[in-house]
Each structure stands twice: as structure tokens, then as C-alpha cells.
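> Fold the following and give me the result.
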Amino acid sequence: MRQSLLEVADLNVSFGEEDERHHVVKDVGFHIGRGECYGLIGESGCGKTTVLRAIAGLNSDYDGSILLDAQKQPKARRGAGFLRRVQMVFQDPYASLHPRKMVEKVLREPLQIHGFDRQRQRIDEVLVQVGLDPSFRYRYPHELSGGQRQRVVVARALIMEPEILLLDEPTSALDVSVQAEILNLLTRVQRERGLTYLLVSHDMAVIAHVCQRIGMMQHGRIIEEMTSEAVRNGQAQEQYTREFLDASAAFAAALEGDAT
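Here you go, the predicted structure:
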């Protein structure tokens, strides 16, 4: 087994006060090897994104351990070290970019904050890597399609040269015709850069396309782990997972029928 780059152990997250407190992530644990893609899947509200936000340091009110290279991370992610190594790609490309900031500024700001050199060259290189011409640096978000916006969002994460990308439903806000383009982009970039991914989705086809291992979540818990091959072959142990796989297959078949 490859060495774990990212490990989550006994993660618990609750929201609210006293009698109104809701336990939304319950004893979640998993590990991801360097260069691997691990997927968390489940219905909306099962706690997937909450797990991502805890790992990213966007929510420090949790119990449990988050380890990077076997080093336990403080709940408050101060300093540039963690941010240089771990970046997050959010779900909605329309909300992820400041409407009044040109792509040039969006990509240059993190370089300036963290003291990178060759900033213009780095911006050109990352735009090309995500499939955009360097001339896109002079465009505003409203001048871009949804797929182009998400490519810029991915570029903003990549320009920090991270080791890990946390991907929160990276294609769910896009048209079906564009989703495959972004998934293929993420797969290619992972291979070229040797990146490690944690991908959250409610779409089993997306998860199985990108990830090697998959954690099935229900009511805040990981109830089963499977390989992508087992998912494609419908080899689930838990009844809930089998029902989720069946529902995903039926939905995909219905979409294909509508398309024809």
C-alpha cells in the first residue's frame, strides 16, 4: 500500500447550540495515498462537503485528526505551508470568481501573496495547461462560459503548485456537455502533475470515472469503501449502497434515452 499523504481519523463535526446542535459528520476516517484520487459520494446533506471544509481549514470547529504526511494539522490553518500544499476547487464557478476582477488579477493575487517569481510566465503556463489561451488573462468572468470559468478556478488552484486538490462537486453546476471536458482536464492534470485528489460528488458516474477508491456516505458516516472497479460491477455490500448504485444507473439510462 502506498504511503498516505492525507489521512482523516475520527472526524466529527456538529453545528448549532446546545439542544439545537446537529451532529452532521460522525467518526469519519479514510486515507489517500500520494497520487491517488479518493471519492466521497452520497446524497445531498450527508456531510461530504463538511468533511472537505474541515480538511481545508474553512471550519475549525471539529473533533478528530487531519494528518498531512503523518503530521497532525492544527485546526486553525495559519501560515502559508498548508495552503501551498492543499487547494480547494469549489462547486459553483459563477460564485467562485470576483465579477470585477480580470482573470489576470485572479491568478496573480495568490502568486503575489506567497512571493512566487516569474508571475507572468506562470499565469501563461497554467492557462495553457487548463486549455485556455493566454489571452484569456484579459477577460472578466462575465465574458466566460461556465466551462471556461471552471477552468480558471482550476488554474487558480494549480498556480500555487499544490500536492492535493480538494474538489467539491466540480462539475455539478455545468452543462452535461461540459462536464466531461472538465473531468478529462482534471484527470490529465492529475497525471501530469502527480497530484492527489479528494473528490466529493453525488454523481456515481463522475466518482467512478476519476477515483480509484470510493467512500459511500450516509447520515454523516462512511458506511462502505469500494474500488472504482467494484462500483462499475455493482459489487456493493451495504443495502443502501446497492440502492444508490441502482438509482444512479437508472438515472443515467433515462438521460441517455432522453438524449436519443
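
> so where do the strands sit in the protein?
Ranges of strands in the chain, per DSSP state E, are 4-15, 22-33, 37-41, 62-68, 71-72, 86-89, 164-168, 196-201, 213-218, 221-227.

> counting contacts, what elements does the first one pack onto?
Spelled out, it's strand 4-15. Counting contacts by 3 or more C-beta pairs under 8 Å, 6 or more residues apart in numbering; DSSP states H and E, strand 4-15 packs against strand 22-33, helix 48-56, strand 62-68, strand 196-201. Where you see a C-beta, it was placed from the backbone N, CA and C, and this is true even at glycine.

> Parallel or antiparallel, list what pairs with the longest one.
In other words, strand 22-33. Sheet pairing for strand 22-33, assigned by DSSP bridges, gives strand 4-15 (antiparallel).

> buried set for the partner strand?
Using 16 or more other C-beta atoms under 10 Å as the test for burial, strand 4-15 gives 4, 5, 6, 7, 8, 11, 13, 14.

> Closest one of those residues to residue 171?
residue 6 (21.8 Å; C-beta to C-beta).

> Wait, residue 242 touches residue 234, no?
Yes: counting by C-beta atoms under 8 Å, residue 234 is a contact partner of residue 242 at 7.4 Å.

> Compare these two (neighbour count), which wins?
Neighbour count, other C-beta atoms under 10 Å: between residue 242 and residue 234, residue 242 has more, with 14 against 11.

> Relative to residue 226, how far out is the more buried one?
11 Å (C-beta to C-beta, to the nearest Å).

> Residue 46 now?
If you go by C-beta to C-beta, the gap between residue 46 and residue 226 works out to 16 Å.

> how about low-confidence regions in the stretch 51-200 of the chain?
79-80 (pLDDT under 70).

> ok, the closest residue to residue 215 other than its chain neighbours - contacts?
Of all residues not flanking residue 215 in the chain, residue 222 sits nearest, at 4.3 Å (C-beta to C-beta, 6 or more residues apart in numbering). Neighbour list for residue 222: 28, 29, 30, 40, 215, 216 [criterion: C-beta atoms under 8 Å, 6 or more residues apart in numbering].

> picking that back up, and of the strands of the chain, who's closest to residue 95?
Once the strands of the chain are compared by C-beta to C-beta, strand 164-168 is nearest, at 11.7 Å.

> Please save the CA atoms from that closest one in CSV.
Output of strand 164-168 as CSV, limited to C-alpha atoms (Å, rounded to 0.1, in the frame of the first residue of the first chain):
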residue,chain,number,x,y,z
ILE,A,164,-3.5,18.0,-3.0
LEU,A,165,-6.7,19.3,-4.6
LEU,A,166,-10.0,19.2,-2.7
LEU,A,167,-12.7,19.0,-5.3
ASP,A,168,-16.3,19.9,-4.2
